[in-house]
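Here you go, sequence then predicted model.
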Amino acid sequence: MERLYTKDTQAIFWNNNKTAIQRMLDYDYTIKRETPSVAAIVAPTSGNKFEKFFYGGDEVMIPLFKTTREAKAAQPQADVLLNFASFRSAYDVTMEALEVGGFSSIMITAEGIPERLARGMNQTAKEHGVTVIGPATVGGITPGAFKVANIGGTITNIVNSKLHRAGSCGLVTRSGGLFNELSNIISINADGIAEGVAIGGDRFVGSVFIDNLLRMEQNPDVKYMILLGEVGGTEEYKVIEAIKNGTITKPIIAWCIGTIAKHYDSGVQFGHAGASANSETETAEYKNNAMKEAGIHVPASFNELPGMIKKVFTEMNIAEIPEPEMNVVPTSRRSKEFICTISDDRGEEAHYCGFPISSVATPETGFTIGDVMSILWFKKRYPRWAVDFLETVLKTVADHGPAVSGAHNAKVTARAGKDVISSLIAGLLTIGPRFGGAIDGAAQHFKHADDNDMTPKEFLSHMKKSGIPIPGIGHRIKSLKNPDLRVTGLMKYAKENFPSTPLLDYARTVEDLTTSKKENLILNVDGTIGILMVDMWRALDYTDEEIDLFIEAGALNAFFILGRSIGFIGHILDEKRLAMPMYRHPMDDILYDVQRAEEL
Amino acid sequence: MAQKAIREYDAKSILAKHWDKYFPDFTYAYETVMVQNGTELKDAAQANTWLNEKTLVAKPDMLFGKRGKNGLVLFKDAKPGDVKLEKAVSWIDDKSSTPQNVYFSFDGDKPTGEPSVDKLTHFIVEPFTPHEQAEEYYVSATCVGDDDVIYMSAEGGMEVEEGWDEKVTEVIFAITDTEEQIANKIRANIPVDVADADKAKFAEFCIGFFRAYRELNFAYLEINPFVMQGNKIELLDMVAKLDDTAGFMMVEEWGDVPYPTAFGMEAKSPEEEAVELADSKTGASLKLTILKPEARIWTMVAGGGASVVYADTIADMAGIEDLANYGEYSGGPTMGETQFYAETLFDLMTREKDAQGRGKVLIIGGAIANFTDVAKTFTGIIKALDNYQDKLKEVGTKIYVRRGGPNYEKGLKDIKEAADNMGLYIEVYGPETHVTDIVRMALEK
């Protein structure tokens, strides 16, 4: 790997840290990235499916997942994990990601992960060939390509520090705050950085100075490197070694902070947990001298570092870097109250999911009402067999005579002189668990039984135990001998046109059992529709989760509502045509049993 | 912060608590008490009858070694192994009554360097264990580089320390080694000097020891020596450090273990302890070390790296005589946390005027923050300035501010206005000024 991140790099962000993610997207917008740098967010306790973020003045939605595994499965191209879990869970999150696989680097922000766990996860990552940045870090940045979370600070500071486009310096620090400071110094005294990493302040960090410098040595954008070390540890000596054996040839400017530590005994902890000298060779002064002897450019103090950078950079005669065009993030933005993902009325002509209305409306377009339903309800254009099925369902449920409660209500309301909409609503309001709702219930319960491999017998006893009559089973008068021809038609269509009908096949075995107990306990029309809908979606490759979501959302009932509205409107128009008077129910049809109210 | 030393008594208590898990084939009597004076020892004898029944060994338990060479191990009255409770009580009272000289390094039996002088406040008392020299062994474990290392020797006590290279076998383990790999490596590397008859037992003890070291999150664990008599183990001397970042996982395992200040080290001031307590309760970072409370330059610097750079620069330009404290706040502390931290500092720096009549300098410094809201944290500092303005003026405080990061313009403007209104001397600078340049400015005034 010669570059840590590129302009195509996408990350999975573990923890819905909105400020940090927004900063990444502001950066993406500023540098005109084509895709957002965050592809998914893992938020184990959130019930939401996505989070909205600004992208410039507009908003984008980033999907939320409960686990890294789900996020990675949905966004396999995202190969960076930004682990923003707390010190209590950061280890588990890293280990899970390593098990899931497919990550090239993992950045860990938590400070104070137990040392044994930090060592374990760093080592495991190394064995998997995964670069770990951190723990206890703000991360890294490849200017003009990808920025981790908060590194670089605000967008104003990023532009001021020339972190919006690649410069020539490879920067490695321990400290995150000083990383930012150095970026600023480098932008003033040189031409900015090409790649930068803050390796983290804990004693055990994944990638150390040398790992990052060796990568930068391979990166053609990096012309020279700056290393900001600290008192404590011996990592700087690995860099000296690499210079001596010729593995690193690019110029390095370096300084170790913490020269003050020599004045105090080891009881004073300066800076990070990793910053404590256990022997003379770990002191800042000793390391600075050793680096100087190895040919590294070492200033006399931190205050002289800017001058040193200017000198080395000027001597290298690097060609001036053209300033790229940038987007400017608007200063005031307002979050949108509503989101629409199915149609769009901006522009010349309104669209249904990307299809202009004129391209679906007239017969020669090949679109029927079932096509329009499939794109507006399910955001996909279904194959002909499925579209025909949707229409078959609508036609099948369009009406069932004037006596059923919904139609009756619609008629009574129309006769009370109300308009079409009021009468229709009066009819629709009766649709629910007893009227029409069996479609939802049948789909849900039969699918549940099938998902859990219940035998028909187990299913019946399960439903009995739950105290629920099986939805979709039973008819007032129809039976096996006297079949409901609507059901026969639906089943025949499915058998001939569906790729397969596993849930229907299962339901038929249940029906065998129920009808053996009582003749009329047949699979009724509601049950058949619900079950075949599930079979249709399965054949269309929807996942179980997506199908469950359709059922939960009431999509199945929606077919009944839409279809039956046709019938209700028919009945309402019928009443208007007939000009029937106000309906009053005959009193002799009511059992009056009224007692005097008890006084309390 | 990471690795913290604990008392011998606590180290033994932790091992004893988990003894049967790690050493099922061995017994350990765990007869040990820790006392601060003779009276406490007498009181302890009521619950621990062995203190009356057995002869005793007493020694300070204050995170320093070479107690024998310093003459601080009581094991004989007239002859070795004859110390009774009465004697131990009077010895402890005697040793704790006046400051003691303790040397940390020796050349042979001759102390080298300057002694540390401090009062002895904690003693550990145990039964005297008669045993043969041959029954003493050494074992320790720690982390070296990326790996764990166990050190084992057939000899314990001084012999090991003085003949380390010849007498100690070391075995290195990767962090990812399995239980089985570890056990096999230990069994294969038992020091040759361990008697053949004892090799298997010694190995089992070391395997249990190393597992305890790993699973109980010790950063360092040493028993020098332990005595093995059949299946009976006696832990004669122990040194231990814990990785305190594992504390949240080890609540049950460790119990409420204290991290004492070592002998000779100045005890933490109440202010340092208060900041440490606040630090442990927040996701942000608050650190304070008082170096020289009468010195005139006080720093309130944001960031673990920047704070070191400021300290380096002050030491370079003014010398450490003028540097009063080291500390840092970072990781997005709340306004309240920042105010508390600032007031702790202001309180300390305004207690006395500078002995040479100079004004005091307050450096409110920091690099360019990544995510800390500068204006928000500065609101906390402004409140603290408001509460301490009179005291700050009394000691002639000049304030120098340098900061960048989210909302820094507002932060700088707010603090400048507030200080001006209070009549405090203040200069403020943003990211266009080099991070530590305010130190130079302050010293030139």
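Done, it's in. The structure displayed is predicted, hence computed values, not measured ones.

Go ahead and confirm B:Ser330 touches B:Gly304.
Yes - using C-beta atoms under 8 Å as the test, B:Ser330 is close enough to B:Gly304 to be in contact (6.0 Å). The way it works is simple: take the backbone N, C-alpha and C, and place the C-beta from them, glycine included.

Mind listing the shared neighbours of those two?
A:177, B:285 (C-beta atoms under 8 Å, 6 or more residues apart in numbering or on different chains).

Quick check: next helix or strand after the strand or helix carrying A:Leu171?
Counting by DSSP states H and E, the secondary-structure element that holds A:Leu171 is strand A:169-173. Counting by DSSP H and E, the element after strand A:169-173 in chain order, helix or strand, is helix A:176-189.

now check that next one, is it near chain B?
Yes - part of helix A:176-189 sits near chain B under the criterion C-beta under 8 Å from any C-beta of the partner chain, namely A:176-181, A:184-185.

Just put these in TSV and tack on distance to A:Glu241 and pLDDT.
Output for the residues of helix A:176-189 next to chain B, formatted as TSV (distance: C-beta to C-beta, whole Å; pLDDT from 0 to 100):
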residue	distance to A:Glu241	pLDDT
A:Gly176	26	87
A:Gly177	29	86
A:Leu178	24	94
A:Phe179	24	95
A:Asn180	29	93
A:Glu181	28	94
A:Asn184	31	95
A:Ile185	27	96
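
can you list the domains in chain A?
Listed by the TED database, the domain ranges of chain A are A:11-316, A:397-578.

deepest of these, which one?
Of all these, domain A:11-316 carries the top mean neighbour count, a mean of 21, counting by mean count of other C-beta atoms under 10 Å in any protein chain shown.

Run through who's touching the longest strand that chain B contains.
If each strand of chain B is counted by residues according to DSSP state E, the longest one is strand B:218-229. Outside of strand B:218-229, the residues that reach it under the criterion C-beta under 8 Å, 6+ apart are A:115, B:2-4, B:11, B:26, B:129, B:131, B:135-143, B:155-157, B:160-161, B:198, B:201-202, B:205, B:209, B:212-213, B:233-243.

And these, which of them are buried?
Buried subset of the contacts of strand B:218-229 (neighbour count, 16 or more other C-beta atoms under 10 Å in any protein chain shown): A:115, B:2-4, B:11, B:26, B:129, B:135-143, B:155-157, B:160, B:198, B:201-202, B:205, B:209, B:212-213, B:233-243.

Inside strands: which ones of the residues you listed?
Those of the buried ones among the contacts of strand B:218-229 mapping onto strands are B:3-4, B:136-143, B:233-235, B:238-243, per DSSP E.

got the contact list for the residue of the stretch 201-350 of chain B found nearest chain A?
Residue nearest to chain A within the stretch 201-350 of chain B (C-beta to the nearest C-beta): B:Gly305, separated by 2.5 Å. If a contact means C-beta under 8 Å, 6+ apart, then B:Gly305 has A:173-178, A:201, A:228, A:230, A:257, A:271-272, B:367 as its contacts.

which one of those is nearest A:Leu523?
Of all those, the one sitting nearest A:Leu523 is A:Gly176; the distance, using C-beta to C-beta, is 64.6 Å.

ok, now how distant is the closest residue to A:Lys481 other than its chain neighbours from chain B?
Here the nearest residue to A:Lys481 in space, its sequence neighbours aside, is A:Glu519; by C-beta to C-beta, 6 or more residues apart in numbering or on different chains that works out to 7.2 Å. Applying C-beta to the nearest C-beta, to the nearest Å, one obtains 65 Å for the distance of A:Glu519 from chain B.

I'd say A:Glu519 and A:Lys478 touch.
No - using C-beta under 8 Å as the test, A:Glu519 is too far from A:Lys478 to be in contact (9.4 Å).

Where does the prediction get shaky in chain A?
For chain A, residues meeting the criterion pLDDT under 70 lie at A:265-267, A:271-278.

from it, which residue is nearest to chain B?
Proximity of chain A to chain B (C-beta to the nearest C-beta) peaks at A:Ser175, 2.5 Å away.

Correct me if wrong, but A:Gln77 is in a strand.
No - counting by DSSP: H, G, I helix; E, B strand; the rest coil, A:Gln77 is located in no strand; its state is coil.

is it true that A:Asn520 touches A:Lys481?
No - using C-beta under 8 Å as the test, A:Asn520 is too far from A:Lys481 to be in contact (9.8 Å).

Could I get the buried residue list for stretch B:350-359?
B:350, B:359.

just the CA coordinates of it, formatted as PDB?
Output for stretch B:350-359, consisting of C-alpha atoms alone and laid out as PDB, is shown next (Å, rounded to 0.1, in the frame of the first residue of the first chain):
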ATOM      1  CA  THR B 350      -2.500  33.400  43.800                       C
ATOM      2  CA  ARG B 351      -1.600  32.100  47.200                       C
ATOM      3  CA  GLU B 352       1.700  33.800  47.400                       C
ATOM      4  CA  LYS B 353       3.300  36.800  45.700                       C
ATOM      5  CA  ASP B 354       6.600  36.200  43.800                       C
ATOM      6  CA  ALA B 355       9.500  36.300  46.200                       C
ATOM      7  CA  GLN B 356      11.500  38.600  43.900                       C
ATOM      8  CA  GLY B 357       8.500  41.000  43.600                       C
ATOM      9  CA  ARG B 358       7.900  40.100  39.900                       C
ATOM     10  CA  GLY B 359       4.400  39.700  38.500                       C
END
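
got a list of contacts for that stretch?
Contact partners of stretch B:350-359, identified using C-beta under 8 Å, 6+ apart, comprise B:293-294, B:296, B:360, B:388, B:391-392, B:394-398.

which one of the contacts of B:Gly305 sits closest to A:Tyr237?
Minimum distance to A:Tyr237 across these is 13.7 Å, recorded for A:Glu230 (C-beta to C-beta).

partner residues bridging the closest one?
Residues in a beta bridge with A:Glu230, per DSSP bridges, are A:Ile257.

doesn't A:Glu282 make contact with it?
No - under the contact definition of C-beta under 8 Å, A:Glu230 does not touch A:Glu282, with a separation of 9.8 Å.

what does the stretch 151-300 of chain A have sitting close to chain B?
By the rule C-beta under 8 Å from any C-beta, the part of the stretch 151-300 of chain A lying against chain B is A:151-154, A:157, A:160-161, A:173-181, A:184-185, A:201, A:203-204, A:228, A:230-231, A:257-260, A:263-264, A:267-273, A:275, A:284.
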